[in-house]
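Participant: The following block contains a protein sequence and its predicted model.
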Amino acid sequence: MMTNLFSIFEPTSSIFNFSTNWLSTLLGLMFLPYLYWASPSRWSLLWSKIIQTLHKEFKALLLPSHVGVTILFIAIFSLIVFNNFLGLLPYVFTSSSHMVMTLSLSLPLWFTLMIFGWTQHMKHMFAHLVPQGTPFALMPFMVLIETISNVIRPGTLAIRLAANMIAGHLLLTLLGSTGPSLSLSILFFLIFAQILLLVLESAVAVIQSYVFAVLSTLYTGEIN
């Protein structure tokens, strides 16, 4: 039963053994050229305002020497939020609900930060393992705890995004599958509930993209 339930999220369409569902990840790029050749619209002005706001927030979390890195986190936010919203459309594969994509974003980012931090700022990286004011007897335990916390960061980033996206889609699918067996009066309540869940999923799509980008910025800010 569980295998059949979760199989709806697996890529099934293929051409020459290539899963075409993953092509939905690139659909978000179709929105970008419009910003360069068309005259400014309300959508482009809104998106520019969002980018400027994100830049200011990420800039406050980073060191002055790392301000230019904000463009990377804005790009990550844009990629995730585009894919999250595209996943709300019928018959569009939600790539951000799979660990393959989320780990592909978090793991290289974390690995790059670790290489840069331990090669350029080794003393500061060791200092982060022992919080200030820790008693001497607890230092070995704090080093172990901080090390484990640091190692699982890419996994927590990936699982948080994938779990939140797949949970809402799964709930929408479960409620929608009961529609044909309901009476007409109850069906109206089901449609209303589906609309509310769709609005909630739209909010989750933005929030989870923002959380992923902000946490990545905070992890970068620790490399000083």
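Facilitator: Cool, got the structure.
Participant: can we go C-alpha only for contacts and neighbour counts from here?
Facilitator: Will do.
Participant: Tell me where this protein has helices.
Facilitator: Applying DSSP state H to the chain gives helices spanning 2-6, 34-37, 42-61, 70-86, 99-120, 122-128, 139-151, 153-177, 184-221.
Participant: Mind putting these into CSV with mean neighbour count, mean pLDDT and distance to Val92?
Facilitator: Shown next, in CSV, are the helices of the chain (neighbours: other C-alpha atoms under 10 Å; pLDDT from 0 to 100; distance: least, C-alpha to C-alpha, whole Å):
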stretch, mean neighbour count, mean pLDDT, distance to Val92
helix 2-6, 9, 56, 16
helix 34-37, 11, 60, 21
helix 42-61, 14, 85, 22
helix 70-86, 20, 89, 7
helix 99-120, 16, 87, 15
helix 122-128, 14, 77, 43
helix 139-151, 14, 84, 33
helix 153-177, 17, 86, 12
helix 184-221, 16, 87, 15
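Participant: Of all those, which one is nearest Phe93?
Facilitator: Closest to Phe93 of those is helix 70-86 (C-alpha to C-alpha; 8.0 Å).
Participant: I'd like the helices of the chain as TSV, with distance to Asn21 appended.
Facilitator: Output for the helices of the chain, formatted as TSV (distance: least, C-alpha to C-alpha, whole Å):
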stretch	distance to Asn21
helix 2-6	16
helix 34-37	24
helix 42-61	27
helix 70-86	12
helix 99-120	13
helix 122-128	41
helix 139-151	31
helix 153-177	16
helix 184-221	19
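Participant: and stretch 145-157, C-alpha only, in PDB?
Facilitator: Taking C-alpha atoms only, stretch 145-157 is exported to PDB below (Å, rounded to 0.1, in the frame of the first residue of the first chain):
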ATOM      1  CA  ILE A 145      28.200  17.500  19.500                       C
ATOM      2  CA  GLU A 146      29.300  20.400  17.400                       C
ATOM      3  CA  THR A 147      31.000  18.100  15.000                       C
ATOM      4  CA  ILE A 148      27.900  15.900  14.500                       C
ATOM      5  CA  SER A 149      25.800  19.000  14.200                       C
ATOM      6  CA  ASN A 150      28.100  20.300  11.500                       C
ATOM      7  CA  VAL A 151      28.200  17.000   9.600                       C
ATOM      8  CA  ILE A 152      24.400  16.600   9.400                       C
ATOM      9  CA  ARG A 153      23.800  20.100   8.100                       C
ATOM     10  CA  PRO A 154      23.500  19.200   4.400                       C
ATOM     11  CA  GLY A 155      21.100  16.300   5.300                       C
ATOM     12  CA  THR A 156      18.900  18.500   7.500                       C
ATOM     13  CA  LEU A 157      18.700  21.100   4.700                       C
END
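Participant: please begin residue numbering at 501 from this point
Facilitator: Sounds good: first residue 501 from here, last item stretch 645-657.
Participant: which residues sit against it?
Facilitator: If you take C-alpha atoms under 8 Å, 6 or more residues apart in numbering as the criterion, stretch 645-657 is touched by 602-603, 606-607, 610, 629-630, 712, 715.
Participant: distance between that stretch and the chain's centre?
Facilitator: Here the centre of stretch 645-657 is set off from its chain's centre by 17 Å, with C-alpha atoms, centre = their mean, to the nearest Å.
Participant: in terms of contact, does Asn583 touch Leu523 like I think?
Facilitator: No: using C-alpha atoms under 8 Å, Asn583 and Leu523 do not qualify as a contacting pair, with a distance of 10.8 Å.
Participant: now stretch 697-705, how far from the chain's geometric center?
Facilitator: The answer for stretch 697-705 is 14 Å, by C-alpha atoms, centre = their mean.
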